[in-house]
Every structure is written in C-alpha cells, then in structure tokens.
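S.K.: only geometry, no sequence info:
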C-alpha cells in the first residue's frame with residue numbers, strides 16, 4: 001500500500017501500517033499502537049497545534065513557503081484589486097462569487113441589520129469611559145445572544161443565515177459605538193446608502209455635518225484592508241470560534257470568544273507593537289543600531305516573520321501599495337521612512353533572510369490606520385470587523401461537517417499518581 005506509513009514499535013517489535021490521506025495520518029490510528037491490551041494506545045503531543053490538522057476546510061488556502069493566500073481558490077491579489085469586502089464575505093460564506101442580483105440581495109440584508117437595539121446602546125453606556133474598545137466589543141457581541149434567542153437554532157439554515165446578516169451588519173456599528181463611547185461624543189447611527197467601509201467611517205468620525213461623505217481613497221483603502229483580514233485559515237481566534245461552536249453554542253457567543261482570542265497582543269495587537277517599535281527607533285538614522293540590537297537578542301523585530309509564512313506575506317505587498325495611496329491623501333506618516341529603511345536593511349541582511357523573517361501584514365497596517373486617524377486601541381477592533389465573516393464561515397463549515405464533534409484535546413498527565421488526604425493538623 002503506497003499511500004501508507006509503516007511504523008515499527010521498538011518497545012514491542014510490532015509493525016503497524018497507517019493509511020496516509022491528503023498528506024496526513026489520522027491521530028486515532030496511533031491508538032492501535034499498544035504495549036499491552038490494557039494500554040490506552042499511543043497519542044501525539046503537539047502543543048499549539050504546530051503540526052496537527054483539526055479539520056478539513058474549503059475556505060482558505062495558504063502556502064507559507066510560496067507566500068500564497070487564496071479565498072475559495074481566488075488569489076488574494078485579484079480579490080484586493082477587483083472586489084469589495086462584502087463581495088468577498090459572500091464568497092467566503094457561500095463558496096462562489098455572487099452574481100449581480102445575489103450581491104445586491106446580500107448587501108441589502110446586511111445593510112438592514114446595521115442598527116442595534118436601543119437597549120444594547122444602553123448596555124454599552126454602562127462601560128467606564130476609559131474602557132478599551134476591544135473589551136467593549138467582546139462584551140457587547142456576547143450580550144447580543146440574549147437579544148436574539150433564536151440564534152440558538154444553529155441547525156436551522158434559515159436561522160443561521162439571519163444571524164450571519166446580523167453579525168456582519170452589527171459588528172461595525174458596535175465597534176464604532178465603542179470608539180465614540182470612549183471619546184465621549186454622541187453615537188453616530190448607520191447610513192444605509194453608504195458602502196460598508198464608508199458607513200463605518202461615518203459612524204466613527206461624523207460630527208456636525210448633515211451628511212458625512214467619506215474620503216473615497218480612505219474608503220477604498222479600508223475596504224481592501226477588510227478583504228485582507230477576512231479569513232486566515234486555522235489561526236488562534238478561528239480555532240477558538242470552531243472550538244466554542246463545537247459545543248453548539250450560539251454564534252454570538254462563539255464570535256465573542258473568537259474576538260477575545262483576537263484581543264491578545266500576539267494576535268490582534270501585533271500592528272500596535274510595530275508602531276511602538278517604530279516610535280522607539282525614532283529616526284531613520286537609528287535603524288542600523290536597532291537592527292544590531294535585535295540580532296544580539298535584546299528584543300524581537302516586530303512585524304517580521306509569521307507562524308505560517310516563510311516568505312513575504314502576500315498581504316504585506318498589497319498593504320504597501322495601499323499605503324502609498326493613503327499617504328498621498330493624508331500626507332506621509334513620519335514613521336513610514338523608518339519602516340521603509342527597516343524593511344530595506346532587514347531584507348538585505350542574511351540574519352533575517354536565512355531565518356525567513358519577512359514583513360507580515362501587521363508591519364504596514366498600523367501605519368495606515370494611524371494615518372486614517374484611528375487610535376491604536378482601535379487596531380484589534382479593525383481586525384475583528386472583517387474577520388467576523390471568516391469566523392462565521394468557519395463556524396458554519398464546522399457545524400455541517402459530520403466528522404466534527406465537541407472539541408476535547410488529550411493531555412499528558414504529569415502530576416501525582418495518587419495521594420491520601422492529609423488532615424489539617426498534620427500539614
């Protein structure tokens with residue numbers, strides 16, 4: 001059998017043949033390998049899922065060595081250039097690009113779910129004035145499950161579709177309201193004749209003008225950034241979404257959990273760390289000295305390297321082009337010169353090239369967001385808005401996969417085998 005793996009257990013001398021399918025072996029096949037009849041069987045140890053596939057998926061393809069990212073087979077470069085975020089969200093969730101009537105219907109349903117219940121607004125008013133917008137987003141999305149109890153009908157396709165409309169429509173509203181709550185200005189309600197990105201900019205920045213007109217360059221730039229962040233295979237927050245969803249929790253609770261995972265600085269806060277680093281460097285002239293300190297092991301170079309990509313992150317190439325367009329409209333961010341010099345030196349230095357440490361999506365996105373007047377605490381929120389469509393697509397795929405069960409990893413127990421209880425007076 002060519003598509004198989006032969007294993008010899010040196011403990012017993014027994015030989016086993018494990019089938020190979022799609023370049024993988026099933027972990028449960030390892031259970032056949034035992035030293036005795038009462039042995040539980042062999043299990044694999046893989047902290048952080050470094051080399052373990054937890055699901056089959058048709059949504060996102062990544063070839064990290066070649067620097068390839070595709071949604072449903074479509075290269076990210078083509079989608080970023082020719083598509084819109086809502087069109088890409090439809091593709092991710094439905095598997096195919098929509099025709100014109102399908103796209104119009106899709107947009108209409110999402111647009112008409114952008115408003116949030118007034119009691120949700122009251123709920124948000126309860127947060128302290130200096131509450132982090134991402135914390136407010138996580139809490140409020142979780143609270144949505146109490147406003148929409150029908151969301152518990154996760155096996156009803158019609159109900160699932162309604163929650164998809166609600167989540168994609170309402171998350172930008174909650175995100176913008178969280179920002180305005182933290183700045184103490186009145187909430188700006190959705191405007192349904194604006195684009196998805198344009199409406200978000202309206203809810204963020206509208207002040208006294210009767211009708212907010214978004215800057216078209218910034219509107220398009222934000223839409224492209226949303227496309228780039230829509231999904232990224234089985235990352236930390238997606239894994240959280242699938243894991244929570246596997247318990248058959250409602251999608252609002254699962255998205256809140258995924259957003260909480262994104263809240264961590266190693267996931268959704270990486271572009272904020274890049275800005276801190278660039279400010280710490282201070283000037284283009286100080287880049288060589290900073291690089292020297294990185295190579296000596298004093299600290300990491302933020303925005304370089306990726307768990308998956310061992311080549312230039314394809315999203316970083318696109319963002320770099322978007323940055324040029326944004327800065328032409330807003331004026332150049334002073335940190336850009338430092339970033340460009342840092343990238344130039346690092347890409348010419350064998351220390352970084354040999355370790356395959358190339359710029360990732362976070363390296364330029366923070367600089368763009370800052371130029372667009374988004375405060376740094378909003379950066380993970382800006383990540384969560386587009387990733388919502390990816391999370392829901394992964395959640396729905398998991399629900400419809402007959403092989404999926406409630407997530408329950410194994411462990412290697414290293415504690416005491418058994419001890420007798422010791423009374424207080426003898427401790």
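M.R.: Nice, I can see it. In this text the structure is predicted, and so the values were computed from the model without any measurement.
S.K.: what are the ranges of the strands in the protein?
M.R.: Secondary structure of the chain (DSSP state E): strands at 4-8, 15-19, 60-63, 68-71, 74-75.
S.K.: Need these in JSON lines (columns: mean pLDDT, mean neighbour count and distance to residue 154).
M.R.: For every residue, glycine as well, the C-beta is placed using N, CA and C. Conversion of the strands of the chain to JSON lines gives the following (pLDDT from 0 to 100; neighbours: other C-beta atoms under 10 Å; distance: least, C-beta to C-beta, whole Å):
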{"stretch": "strand 4-8", "mean pLDDT": "95", "mean neighbour count": "12", "distance to residue 154": "37"}
{"stretch": "strand 15-19", "mean pLDDT": "95", "mean neighbour count": "13", "distance to residue 154": "33"}
{"stretch": "strand 60-63", "mean pLDDT": "96", "mean neighbour count": "18", "distance to residue 154": "22"}
{"stretch": "strand 68-71", "mean pLDDT": "96", "mean neighbour count": "20", "distance to residue 154": "24"}
{"stretch": "strand 74-75", "mean pLDDT": "98", "mean neighbour count": "16", "distance to residue 154": "28"}
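S.K.: Now tabulate those in TSV and tack on distance to residue 357.
M.R.: Shown next, in TSV, are the strands of the chain (distance: least, C-beta to C-beta, whole Å):
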stretch	distance to residue 357
strand 4-8	33
strand 15-19	35
strand 60-63	18
strand 68-71	18
strand 74-75	24
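S.K.: and residue 403, which of the ones you listed is closest to it?
M.R.: Set against residue 403 and scored by C-beta to C-beta, those come closest in strand 15-19, at 15.3 Å.
S.K.: To residue 389, which of the strands of the chain lies closest?
M.R.: Residue 389 lies closest to strand 68-71 among these, at 10.2 Å (C-beta to C-beta).
S.K.: of all the strands of the chain, which lies closest to residue 195?
M.R.: Nearest to residue 195, of these and by C-beta to C-beta, is strand 68-71 at 19.7 Å.
S.K.: Can you name every helix or strand that the closest one contacts?
M.R.: Under the contact criterion of 3 or more C-beta pairs under 8 Å, 6 or more residues apart in numbering; DSSP states H and E, strand 68-71 touches strand 60-63, helix 76-82, helix 85-94, helix 314-330.
S.K.: please redo it, this time with the cut-off set to 6 Å
M.R.: Packing partners of strand 68-71 (3 or more C-beta pairs under 6 Å, 6 or more residues apart in numbering; DSSP states H and E): strand 60-63.
S.K.: nearest to residue 336, of the strands of the chain?
M.R.: Residue 336 lies closest to strand 68-71 among the strands of the chain, at 24.1 Å (C-beta to C-beta).
S.K.: from the middle of its chain, how far away would that closest one be?
M.R.: On the basis of C-alpha atoms, centre = their mean, to the nearest Å, strand 68-71 sits 15 Å off its chain's mean C-alpha point.
S.K.: Please enumerate the helices of the stretch 301-427 of the chain.
M.R.: Taking DSSP state H, counting those that start in this stretch, the helices of the stretch 301-427 of the chain run over residues 314-330, 335-348, 350-354, 361-371, 379-399.
S.K.: Now render those helices as CSV, adding mean pLDDT, distance to residue 426 and mean neighbour count.
M.R.: Output for the helices of the stretch 301-427 of the chain, formatted as CSV (pLDDT from 0 to 100; distance: least, C-beta to C-beta, whole Å; neighbours: other C-beta atoms under 10 Å):
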stretch, mean pLDDT, distance to residue 426, mean neighbour count
helix 314-330, 90, 61, 19
helix 335-348, 89, 61, 18
helix 350-354, 89, 58, 12
helix 361-371, 88, 55, 25
helix 379-399, 97, 51, 25
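S.K.: Relative to residue 407, which of the ones you listed is closest?
M.R.: helix 379-399 (9.4 Å).
S.K.: Same list, the helices of the stretch 301-427 of the chain, but as CSV with distance to residue 418 please.
M.R.: What follows is those, written out as CSV (distance: least, C-beta to C-beta, whole Å):
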stretch, distance to residue 418
helix 314-330, 52
helix 335-348, 54
helix 350-354, 50
helix 361-371, 48
helix 379-399, 38
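S.K.: Tell me which of these sits nearest to residue 251.
M.R.: Nearest to residue 251 among those is helix 379-399 (6.0 Å), distances taken as C-beta to C-beta.
S.K.: what packs against the closest one?
M.R.: Applying 3+ C-beta pairs under 6 Å, 6+ apart, we find helix 379-399 packed against helix 85-94, helix 133-147, helix 157-183, helix 236-245, helix 251-262.
S.K.: Please work out the angle formed by the directions of the second one and helix 157-183.
M.R.: When you say that, I think you mean helix 133-147. Between helix 133-147 and helix 157-183, the angle comes out at 140 degrees (axes from the mean of the first three to the mean of the last three C-alpha atoms, to 10 degrees).
S.K.: In helix 133-147, which residues are buried?
M.R.: Judged by neighbour count using 16 or more other C-beta atoms under 10 Å, the buried positions of helix 133-147 are 133-145.
S.K.: One more: stretch 298-315?
M.R.: Of all the residues in stretch 298-315, those buried under the rule 16+ other C-beta under 10 Å are 301-306, 308-310, 312-315.
S.K.: Out of the buried residues of helix 133-147, give me the two with the largest separation.
M.R.: Farthest-apart pair in the buried residues of helix 133-147 is 133 and 145; separation 20.2 Å (C-beta to C-beta).
S.K.: before we move on, the earlier item: closest to residue 233 out of the buried residues of stretch 298-315?
M.R.: Nearest to residue 233 among these: residue 308, at 7.3 Å, using C-beta to C-beta.
S.K.: which ones are touching the nearest residue to residue 274 once chain neighbours are set aside?
M.R.: Leaving aside its chain neighbours, residue 274 sits nearest to residue 303 (4.0 Å; criterion: C-beta to C-beta, 6 or more residues apart in numbering). By C-beta atoms under 6 Å, 6 or more residues apart in numbering, the contact list for residue 303 reads 274, 362-363.
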